[in-house]
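1. Take a look and give me a structure for this.
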Amino acid sequence: MRIVAAQMKHETNTFSPVPTPLARFSGRAATPYEGRAAYDAYRGTGAALAAFIDIAEREGAELIIPIAANASPSGPVAADAYRHITDKICAAVQQGCDAIFLDLHGAMVTEEHDDGEGMLLARIRAIAPNTPIAVSLDMHTNLFPAMVDNATVLAGYHTYPHVDVYETGERAGNVLMRALKGEVVPTMAWGNRPMLPHVMRQGTHAFPNREIQARARQMEEKGEALLATVFAGFPHADVPNAGLSAVVVTDGDPARAQRLCDELLDMAWQARAAFVYQPEPIEKSLARAASLAAESGKGPVILLDHYDNCASGGTMDTTRVLAAILKAGLEDVAAFAIHDPVSVQKMVAAGIGATVTVDLGGWNDLPSVRARGEPLTVTGRVKLISDGKFRNRGPMERNVLHDMGTSVVLDTGKVDIVVISNHVEPYDIETLMSLGIDPTLKKFIMLKSRVHFRAGFQDLAKGIVECEGVGVCTSDYRQLVFNKVRRPIYPLDPDMQ
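-> So this is what the prediction gives:
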């Protein structure tokens, strides 16, 4: 048996000014991982591609990995980058195979296509019309018909933070293997509802997504469905099918698949108001955080700068929340992070122990939210310089290698500010521990994150305070102009029925 397994992952924020060339999929390498390099990079990790590797080895199959391309979220993918990645995958399929395993995101927008994944699948299907295809997808998938029409089975994460990435690859891959052996005949049904759930209210730690995802898992566990997935969708991609959808796979029973799919969609629609985020002024948020910190008990108070999360396409260089923290006089703070390679190099040149004054961040104007870059002048001591490499402790993407690039900790006396050269979201405590900062010993931790931080930090925290900042990950849809998304849609059109 010959299996082609590949990865192509990018969550595209069409409002983001951050470009997405091929180099963004490659890290410090010249091109994304291929072949043996991809195998070595992902085997034994918490990635869906790792699950595909394990399944292929369990079955004694010949495994071909033409490419493993994964880029931090940003603006639309460059056309040449998309062609490079998809050409590699299609060339491998062209050589012939018995099954195809794809580790995709589901919200990729390119300079030419609103549905990057669907276009890839349609192209593969034209090459191999009868070859079964299993696809693992992110919960933030914006599901298009081409994805469903050209795959054999689809499965998406049941958790946000996404701590079941490997398990989702297992779910999709194992059902496909059963189909290859003639044990099941996968039949898919899908649908959507006119909803754009706010990302800040998509977490599976709370109602309503907790209950919706629990029902999807129950369908699989009770044998009602082979696979059941609810995609909360990624609202920062201005494309027609942005928003909530579901797909259910049954064993040769299309009517049941549709009935179960509709049940999940109806659960979401009935709870639509709970998917809406309500912001509060940052001054009120920081005052509340100070009160929480004064209460008895151990652990830091998390201050979320969630309008500027690089893992949703943010520039990670806006400074409004950090400036407010400094102005409020909060002490014993760790701030992760400001993306500013230029300031990093200035501090590296000054050396550890030097006192420096730098203009942090503010490199990017944000026309989509009508904001200009605002650098923040900060004076402090260069406390630590690092190459920025670490492996996740887990539970999310355990053992996956991350690279913040050359990184510096700047100590202002009250705030340890982490300044990094590559975009990395802080959802694992190794983002701080690798830089000599123990988060459990801090009074406050500022994180440029939305929900993923809960994977590594929620259990450590005394409290969590969401802070209104500025950025292209804004949870205030009034700041964004949607041109392509289907209308009417809730809550852009709040009175729709």
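2. Low-confidence stretches in the chain?
-> 28 (pLDDT under 70).
3. who touches the lengthiest strand in it?
-> Longest strand of the chain, by residue count under DSSP state E: strand 376-386. With contacts defined as Cβ atoms under 8 Å, 6 or more residues apart in numbering, strand 376-386 is touched by 319, 322-323, 326, 347-348, 350-362, 404, 406-413, 416-417, 434-436. Heads up, the C-betas are built off the backbone N, CA and C, glycines and all.
4. where do the helices sit along the stretch 51-200 of the chain?
-> 79-94, 116-127, 145-149, 165-180 (DSSP state H, counting those that start in this stretch).
5. For Y82, which non-adjacent residue is spatially closest?
-> T110 (4.5 Å; Cβ to Cβ, 6 or more residues apart in numbering).
6. What is the neighbour count of the one you found?
-> By other Cβ atoms under 10 Å, 20 other residues sit near T110.
7. just G182 next, same as before
-> G182 has 7 nearby residues by other Cβ under 10 Å.
8. Looking at the helices of the stretch 51-200 of the chain, which one is packed in the most?
-> Across the helices of the stretch 51-200 of the chain, averaging neighbours per residue (mean count of other Cβ atoms under 10 Å) puts helix 165-180 on top, at a mean of 23.
9. looking at it, T229 is touching L154, isn't it?
-> Yes: using Cβ atoms under 8 Å, T229 makes contact with L154 at a distance of 6.8 Å.
10. Give the residues shared as contacts by those two.
-> What both T229 and L154 touch, as defined by Cβ under 8 Å, 6+ apart, is the set L137, V247.
11. Let me know whether the residue nearest to Y82 touches V77 as I believe.
-> Yes: contact criterion Cβ under 8 Å: T110 and V77 qualify, at 4.4 Å.
12. give the contact list for K462.
-> Residues near K462 by Cβ under 8 Å, 6+ apart: L292, A293, E295, G297, K298, G299, P300, V301.
13. Quick check: chain neighbours aside, which residue is closest to it?
-> G299 (4.0 Å).
14. Same check on L401?
-> R391 (5.4 Å).
15. Against A334, how distant is that neighbour?
-> Counting by Cβ to Cβ, to the nearest Å, the gap from R391 to A334 is 20 Å.
16. same deal with R372?
-> Plainly put, R372 is 27 Å away from A334 if you go by Cβ to Cβ.
17. swap in K222?
-> 44 Å.
18. what about the two, which has more around it?
-> Counted by other Cβ under 10 Å, K222 and A334 do not tie: A334 has more neighbours, with 25 against 8.
19. To which secondary structure element type does that one belong?
-> Assigned with DSSP: H, G, I helix; E, B strand; the rest coil, A334 falls in the strand class.
20. So what's the residue count around R372?
-> Neighbour number of R372 under other Cβ under 10 Å is 10.
21. center of this structure, which residue is that?
-> The residue lying closest to the centre of the chain (Cα atoms, centre = their mean) is A311, at 5.2 Å.
22. OK, contacts around it?
-> By Cβ under 8 Å, 6+ apart, A311 lies in contact with E11, S72, P73, H423, E425, Y427, S449, R450, H452.
23. swap in L120?
-> If you count contacts by Cβ under 8 Å, 6+ apart, then L120 has M8, T86, I89, C90, L102, L104 around it.
24. got the contact list for the residue nearest to K462?
-> The contact partners of G299, taken as Cβ under 8 Å, 6+ apart, are T440, L460, A461, K462.
25. Report the buried members of these.
-> Among these, those classed as buried by 16 or more other Cβ atoms under 10 Å are L460, A461, K462.
26. Could you dump those into JSON lines and include secondary structure and distance to I338?
-> Output for the buried ones among the contacts of G299, formatted as JSON lines (DSSP: H, G, I helix; E, B strand; the rest coil; distance: Cβ to Cβ, whole Å):
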{"residue": "L460", "secondary structure": "helix", "distance to I338": "22"}
{"residue": "A461", "secondary structure": "coil", "distance to I338": "21"}
{"residue": "K462", "secondary structure": "coil", "distance to I338": "24"}
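27. Among the residues you listed, which one sits closest to D114?
-> A461 (37.8 Å; Cβ to Cβ).
28. how about that closest one, what does it touch?
-> A461 neighbours (Cβ under 8 Å, 6+ apart): G299, P300, V301, I302, I445.
29. Who does the third one form a beta bridge with?
-> I take that to be V301. V301 forms beta bridges with F444, G463, as assigned by DSSP bridges.
30. Show me which of the contacts of K462 are buried.
-> The buried subset of these - by 16+ other Cβ under 10 Å - is L292, A293, G299, P300, V301.
31. give me the element the second one is part of.
-> In other words, A293. For A293, the element it lies in under DSSP states H and E is helix 282-294.
32. Give me the buried positions along that helix.
-> I282, S285, L286, A289, A290, L292, A293.
33. Most widely separated two among the residues you listed?
-> Going by Cβ to Cβ, the pair spanning these furthest: I282 and A293, at 16.1 Å.
34. tell me how far the ends of stretch 453-468 are from each other?
-> End-to-end distance of stretch 453-468 (Cα to Cα, to the nearest Å): 17 Å.
35. Counting by contacts, list what whatever helix or strand V408 lives in packs against.
-> For V408, the host element (DSSP H and E) is strand 407-411. Helices and strands touching strand 407-411, by 3 or more Cβ pairs under 8 Å, 6 or more residues apart in numbering; DSSP states H and E, are helix 341-350, strand 376-386, strand 415-420.
36. what's the closest of these to E397?
-> Taking the helices and strands packed on strand 407-411 one by one with Cβ to Cβ, strand 415-420 is closest: 17.7 Å.
37. List the contacts of stretch 22-39.
-> By Cβ under 8 Å, 6+ apart, stretch 22-39 touches 7, 10, 41-42, 49, 53, 63, 65-72, 74, 78, 80-81, 84-85, 88, 403, 422.
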